[in-house]
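Chemist: fold the following for me, if possible:
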Amino acid sequence: MPWFPDFASAVELARRQTRSSGQADPVGQYFTALSKGDPHTLETVWPGEVVIHDPRAGEIRGHKQLRQFVSQNKSWLAQLHARIETVASTVAGGRAVVELLAHLAHDGRETAWPIAVVAESPDDRSVVFRTYCSQWPVDGRRHVRPPVLGPGAAHPGDVVGAYQAALDAGDTDAIVGTFAPDGYYREPIGPHYAHRGIPELRSFFTECFSAGGGIGLQHCAVTDDGVRCALEYNCVRWGRHDLPPQAGIGVYERGPDGLLAAARVYDDVQAPVGPS
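Modeler: Have a look, this model is predicted:
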């Protein structure tokens, strides 16, 4: 069940942000091509290499694989009557991170599926596209996602850096202290698993850290526009449990007081504690 959405609304948001920041607009052009669901358009806009990293299909590289991927996903999403809602877009340094909520008709019920898409252009002719999500909302299973990126040199600062330090240390007081009073943390499996406000956050992180400590992430890439910071990572440890490195992304949104208004995570890591 690979995924290929309609990016029409994300296009305009990415365009506005890249233009307002004074950057060129290769990402906007890329999303415009994707919104048409036409591989020939992608091949025209990006005559070099188009690489897609998909949680289910793996790495898509080359025009033949691209055409097959687009065709398969268009048919699959049509069957699910998919409707795409844009949550936020973070654009910085030639890279865009677009957060989406896909509303699917699945097993006779409506399912909200959080998905994050990263796109960056290594040159004027090529593009790389990385998708992060949990597949739990679709098939009720966790899937180990091998690393997409290796550890990088960039690390977030300010309140996002403080959050990461507390996460690694398993310090409930410190991590709750990085959130605004009405801030929330949304789990990868959907908006119905959001924890808002200090009491809910404290309860959630206390349970998260009950496996013997914090959660260890390898930081791979940071996209930060000053309001939101998107961190691509590999999760390698949960408490006392070492994990096979698993790819994911977290988006941390700062409020006007400098504290976290939101933390939204996209991965398929199986917690060694709790019911999920």
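
Chemist: from E110, how far off is G190?
Modeler: Using C-beta to C-beta, to the nearest Å, one obtains 11 Å as the distance from G190 to E110. All C-beta spots, glycine's among them, are computed from the backbone N, C-alpha and C.

Chemist: excluding sequence neighbours, find me the nearest residue to H219.
Modeler: Nearest non-adjacent residue to H219, counting by C-beta to C-beta, 6 or more residues apart in numbering: H155, 5.2 Å away.

Chemist: assign the one you found to helix, strand or coil.
Modeler: coil (DSSP: H, G, I helix; E, B strand; the rest coil).

Chemist: of G190 and E110, which one has the most company?
Modeler: Taking other C-beta atoms under 10 Å, G190 and E110 do not tie; G190 has more neighbours (16 against 10).

Chemist: can you pull the buried residues of stretch 66-73?
Modeler: L66, R67, F69, V70, N73 (16 or more other C-beta atoms under 10 Å).

Chemist: cool, and stretch 233-251?
Modeler: 233-239, 243, 245-251.

Chemist: now for those: which two are most distant?
Modeler: Distance extremes for the buried residues of stretch 233-251: the farthest pair is G239 and V251 at 23.7 Å, using C-beta to C-beta.

Chemist: and for T172, the neighbour number?
Modeler: Neighbours of T172 using other C-beta under 10 Å come to 20.

Chemist: contact partners for it?
Modeler: By C-beta atoms under 8 Å, 6 or more residues apart in numbering, T172 lies in contact with R202, F205, T206, F209.

Chemist: same deal with R125?
Modeler: By C-beta under 8 Å, 6+ apart, the neighbours of R125 are W46, P47, G48, E49.

Chemist: closest to R264 out of those?
Modeler: The closest of these, once distances to R264 are taken by C-beta to C-beta, is W46, at 28.2 Å.

Chemist: quick check: that closest one vs L201, distance?
Modeler: Taking C-beta to C-beta, one finds W46 at 42 Å from L201.

Chemist: before we move on, back to that, among the buried residues of stretch 233-251, which are in strands?
Modeler: Counting by DSSP state E, the members of those that fall within strands are 233-238, 243, 245-251.

Chemist: tell me which element V159 falls in.
Modeler: Using DSSP states H and E, V159 sits in helix 158-169.

Chemist: buried ones in that helix?
Modeler: Quick answer for helix 158-169 (16+ other C-beta under 10 Å): V159, V160, G161, A162, Y163, Q164, A166, L167.

Chemist: what sits up against it?
Modeler: 155-156, 174-175, 177-178, 213-217, 219, 224, 229, 231, 252, 254, 258-260, 263.

Chemist: buried ones in whichever helix or strand comes after it?
Modeler: Once the chain leaves helix 158-169, the next helix or strand it forms, by DSSP H and E, is helix 172-176. Buried positions in helix 172-176, judged by neighbour count with 16+ other C-beta under 10 Å: T172, I175, V176.

Chemist: please apply the same query to stretch 261-276.
Modeler: Within stretch 261-276, judged by 16+ other C-beta under 10 Å, the buried ones are A261, A262, A263, R264, V265, Y266, D267, D268, V269, Q270, A271.

Chemist: quickly check those for the two that are furthest apart.
Modeler: A261 and Q270 (27.7 Å).

Chemist: ok, back up a step: in helices only, show me the contacts of helix 158-169.
Modeler: A174, I175 (DSSP state H).

Chemist: drop anything exposed from the contacts of helix 158-169.
Modeler: By 16+ other C-beta under 10 Å, the contacts of helix 158-169 give 156, 175, 177-178, 213-217, 219, 224, 229, 231, 252, 254, 259-260, 263 as buried.

Chemist: among those residues, name the ones in strands.
Modeler: Those of the buried ones among the contacts of helix 158-169 lying in strands (DSSP E): I215, G216, L217, H219, D224, C229, L231, Y252, R254, L260, A263.
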